[in-house]
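Novice: sequence first, predicted coordinates after that:
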Amino acid sequence: MFRYFPGHYALSFKILRAIGGICTGQAEFGEIQQACERIDPNDADSWTDAWEAMGNRLCQMAKDAEAKHHFVTASGNYCRATGYYHNAQFFLDGDDPRRVTIYEKYRKCFLKGTSYHNPRPVEVHIPYGETFLYAYFLPAVNSDPTGKTPAMVWFGGLDSTAEEAYFAVCLDYAKRGFHCLIVDGPGQGASLRLNHVYSCHDYETAGTAAFDYLETRDDVDLNRVAVVAWSLGGYYAPRIVSFEHRYAACITYGAEYDYGKTWEKRIAAGTHALSAYAKWINGVNSMEEALDKFKKFTLEGVLQNVTCHVLITFGEDDPQQTLEGAERICKEMVNARSVTFKLFTKEEGGCCHVCADNLTLGNSYTADWLMDIFGMAPSAG
């Protein structure tokens, strides 16, 4: 993997993801370089300050463009600001006040920037227990002529937000004729930050809530709905389809069989860059409490319940998850309608965690696989 800061995997991985966002309008290489020049990899605040400053700059440029009715320019500037604000808040502790202030700017820029898109994502609230999950509904670029269009439901990973998934994955699915329900599940995005909905091992509760929402719409083909997820979503999505059988397919970018064991290894190795998230998404104050929660995040004993089509992808150069875990997930889905495993190699690309080094390749493979599974005719538009 390309490492902008040698010896600092986490920082370099985030920069790799920012570079990947260039093709979807979430970054420009020159702006990434300008921000990185201001970062001392041994000074956490310099990371936050550099990216927030770049976000502020782009946000002001967007406002200036709007004032002159240059709306295409404004949209692009807002969307790039979104990407930079996301980086700015990424490594902060959950109780750091900058989490709230930067996140508020992040969401505002996303909503402003994408309001000029066609189709544009519409914010929806999905009932969940006594509260709700934040989500966006992004219509397909070309809906099915029958009026009932296939859909994908997106859940991210440990540190994900629906806004980043809109750019990184869901735009590619919408172009191929899928409605996209982009969910901030328990422990993610606005559902965590604004509604204090913490993560849980029984993620089928969120998967069921999302499908229930789709049933309230008259434009979705409920027989052709897939759940798609990445990173820790490599646990969430298989867990969902182990219990919620209305989904016709399941796709993961990466795989996570036993997250408790993953964190046992991380804790034994010392301080981990995502330790703040481990505590925050679980609503606890110590790593010991977080580990107790994560020990329930295992797919052992449930995968035999999966009955849908499944695609598990994995990157050959992924240091965050294990190939053994991915293979075990595939092996234990003995009752699935079909199981496909795709290993992205270093030679072909898409080999880093969640295909971050080549999301175009990763998205093309997964979305085209789903088109074939759902028997979707290619669109000429």
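Specialist: Perfect, I can see it now. Numbers count the residues shown, from 1 in each chain.

Novice: for the chain, identify the residue most remote from the centre.
Specialist: The centre of the chain is farthest from one residue, residue 68, which by C-alpha atoms, centre = their mean lies 34.2 Å away.

Novice: gap between it and residue 62?
Specialist: 11 Å (C-beta to C-beta, to the nearest Å). (C-beta placed from N, C-alpha, C; glycine too.)

Novice: let me see the ranges of the helices in the stretch 201-350 of the chain.
Specialist: Ranges of helices within the stretch 201-350 of the chain are 204-214, 233-243, 259-269, 275-282, 287-294, 323-332, based on DSSP state H, counting those that start in this stretch.

Novice: just name the most buried of the ones you listed.
Specialist: helix 233-243 (a mean of 27; mean count of other C-beta atoms under 10 Å).

Novice: max-length strand in the protein?
Specialist: strand 220-230 (DSSP state E).

Novice: got the buried residues for it?
Specialist: For strand 220-230, the neighbour count (16 or more other C-beta atoms under 10 Å) marks 220, 221, 224, 225, 226, 227, 228, 229, 230 as buried.

Novice: my read is that residue 191 contacts residue 185, right?
Specialist: Yes - if you go by C-beta atoms under 8 Å, residue 191 and residue 185 touch, sitting 6.5 Å apart.

Novice: where does pLDDT dip in the stretch 1-150 of the chain?
Specialist: Of all residues in the stretch 1-150 of the chain, none has pLDDT under 70.

Novice: 90 instead, please
Specialist: 1-7, 93-95 (pLDDT under 90).

Novice: cool, the stretch 151-300 of the chain as well?
Specialist: For the stretch 151-300 of the chain (pLDDT under 90), the answer is 159, 269-276.

Novice: one more time with 80, if that's ok
Specialist: 271 (pLDDT under 80).

Novice: neighbour count winner among residue 191 and residue 185?
Specialist: Set residue 191 next to residue 185 and count neighbours by other C-beta atoms under 10 Å: residue 185 wins out with 33 against 27.

Novice: quick one on the thing from earlier: now distance to residue 144 too, for the buried residues of strand 220-230, in CSV please.
Specialist: CSV is the format used below for those (distance: C-beta to C-beta, whole Å):
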residue, distance to residue 144
220, 10
221, 7
224, 9
225, 13
226, 15
227, 19
228, 18
229, 24
230, 26
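
Novice: strands along the stretch 51-200 of the chain, start to end?
Specialist: 122-128, 131-138, 149-155, 179-183 (DSSP state E, counting those that start in this stretch).

Novice: could you give the angle of the first one to strand 149-155?
Specialist: Which is strand 122-128. When axes from the mean of the first three to the mean of the last three C-alpha atoms, to 10 degrees is applied, the directions of strand 122-128 and strand 149-155 differ by 70 degrees.

Novice: between strand 122-128 and helix 204-214, how big is the angle?
Specialist: Going by the same axes, to 10 degrees, strand 122-128 makes 130 degrees with helix 204-214.

Novice: show the contacting residues for the residue nearest to residue 74 when sequence neighbours are not counted.
Specialist: Distances taken as C-beta to C-beta, 6 or more residues apart in numbering put residue 65 closest to residue 74, at 3.9 Å, once the chain neighbours are dropped. Residue 65 makes contacts with 71, 73, 74, 77, as judged by C-beta atoms under 8 Å, 6 or more residues apart in numbering.

Novice: so the residue farthest from the centre of the chain versus residue 110, what's the distance?
Specialist: 22 Å.

Novice: swap in residue 364?
Specialist: 24 Å.

Novice: residue contacts, the residue nearest the centre of the chain?
Specialist: In the chain, the residue lying closest to the centroid (C-alpha atoms, centre = their mean) is residue 156, at 3.3 Å. Contact analysis of residue 156 by C-beta under 8 Å, 6+ apart lists 162, 164, 165, 184, 185, 188, 189, 229, 230, 231, 232, 233.

Novice: return the closest of the residues you listed with respect to residue 245.
Specialist: residue 229 (17.2 Å; C-beta to C-beta).

Novice: one step back: among the helices of the stretch 201-350 of the chain, which is nearest residue 253?
Specialist: helix 233-243 (7.1 Å).

Novice: who does that closest one touch, helix- and strand-wise?
Specialist: strand 149-155, helix 204-214, strand 220-230, strand 249-253, strand 309-315, helix 323-332 (3 or more C-beta pairs under 8 Å, 6 or more residues apart in numbering; DSSP states H and E).

Novice: in CSV: those, plus distance to residue 172.
Specialist: Shown next, in CSV, are these (distance: least, C-beta to C-beta, whole Å):
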stretch, distance to residue 172
strand 149-155, 10
helix 204-214, 20
strand 220-230, 11
strand 249-253, 12
strand 309-315, 14
helix 323-332, 22
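
Novice: out of these, which comes closest to residue 276?
Specialist: Per C-beta to C-beta, nearest to residue 276 of the helices and strands packed on helix 233-243: strand 220-230, 19.9 Å.

Novice: off-centre distance for that closest one?
Specialist: 15 Å (C-alpha atoms, centre = their mean, to the nearest Å).

Novice: could you number the chain from 50 rather than 1 from now on?
Specialist: Shifting the count to begin at 50 puts that one at strand 269-279.

Novice: so in that sheet, which strands flank that strand, and in what orientation?
Specialist: strand 198-204 (parallel), strand 298-302 (parallel) (DSSP bridges).

Novice: starting at the chain centroid, how far to the first one?
Specialist: So that's strand 198-204. 13 Å.

Novice: one step back: rebuild the strands paired with strand 269-279 as JSON lines, extending it with distance to residue 325 and mean neighbour count.
Specialist: Output for the strands paired with strand 269-279, formatted as JSON lines (distance: least, C-beta to C-beta, whole Å; neighbours: other C-beta atoms under 10 Å):
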{"stretch": "strand 198-204", "distance to residue 325": "21", "mean neighbour count": "27"}
{"stretch": "strand 298-302", "distance to residue 325": "23", "mean neighbour count": "27"}
